[in-house]
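1. Sequence below, structure please.
(one chain, ligands or ions: 1)
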Amino acid sequence: MHITVRRTEPDAAVAASVLADLPEGYVLPHAVADYQAAATHMVTYHAVAEDAEVVGVLLLEPHFRESVEVYLMAVRSAYLRQGIGRRLLAAVEGDARAFGTRLIQAKTLGPSHPDPRYAATRAFYDEMGFLPVEEIHGLWPDKPALLMVRVL
Ligand SMILES: CC(C)(COP(=O)(O)OP(=O)(O)OC[C@H]1O[C@@H](n2cnc3c(N)ncnc32)[C@H](O)[C@@H]1OP(=O)(O)O)[C@@H](O)C(=O)NCCC(=O)NCCS
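-> You can find the predicted model right below:
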């Protein structure tokens, strides 16, 4: 399987298609609207298969020159655990370093919430070198958010 990762123009339809491919219940209904809005304008990276299907998407929100946020990452179910998430982040990190960015943050469901799927997401970010900073209550409706950062 040959996968190409590239920065590209925002494409809300593609982001919606990849999000729709996640297992039921992964994305909360209120978050779908947020992601859809973000996908129309945020810095966008796609992982593209040989047949041109976009199999992974990453949306990046630059907050300051020094720090950016991985706002959304998603890989289609059939392509999980094949290194695509790792490659999407590597592309972001390469560009961020070249721009002088020092910090990448991501927010995901906090460890006090029992959902095992997000334990897997935290394991992914942990493996990518992100450190847990703080579990934040009140940022999202009814769910704890975990702020994670990676220093470049
Ligand atoms: C998180 C996500 C983007 C990771 O994408 P991926 O392409 O499957 O990740 P990779 O194959 O690059 O994984 C890299 C490493 O992270 C860790 N990892 C990834 N998925 C994991 C899981 N389910 N359980 C434990 N560790 C995991 C592993 O160490 C893995 O390396 P290995 O496969 O050699 O053991 C993907 O699981 C996903 O789309 N999840 C649903 C949406 C989501 O949670 N997005 C993030 C919040 S915005």
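
2. Name the nearest residue to Tyr125, sequence neighbours excluded.
-> Spatial nearest neighbour of Tyr125, excluding adjacent residues (C-beta to C-beta, 6 or more residues apart in numbering): Met148 at 5.1 Å. Every C-beta, even on glycine, is put in place using the N, C-alpha and C of the backbone.

3. Adjacent strands (with direction) for the helix or strand where the one you found lies?
-> Using DSSP states H and E, Met148 sits in strand 143-151. In the sheet, strand 143-151 lines up against strand 103-109 (antiparallel), strand 131-140 (antiparallel) (DSSP bridges).

4. now the helix or strand containing Leu72 and strand 103-109, what's the angle there?
-> Using DSSP H and E, Leu72 sits in strand 67-75. Note on geometry: by axes from the mean of the first three to the mean of the last three C-alpha atoms, to 10 degrees, strand 67-75 and strand 103-109 are set 50 degrees apart in direction.

5. Strand 67-75 - which strands sit beside it in the sheet, and in what orientation?
-> strand 54-62 (antiparallel), strand 103-109 (parallel).

6. Please compute how far the helix or strand following that strand lies from its chain's middle.
-> Counting by DSSP H and E, the next helix or strand C-terminal to strand 67-75 is helix 84-99. Remark: helix 84-99 is offset 12 Å from the chain centroid, using C-alpha atoms, centre = their mean, to the nearest Å.

7. what's the answer for stretch 133-140, then?
-> 17 Å.
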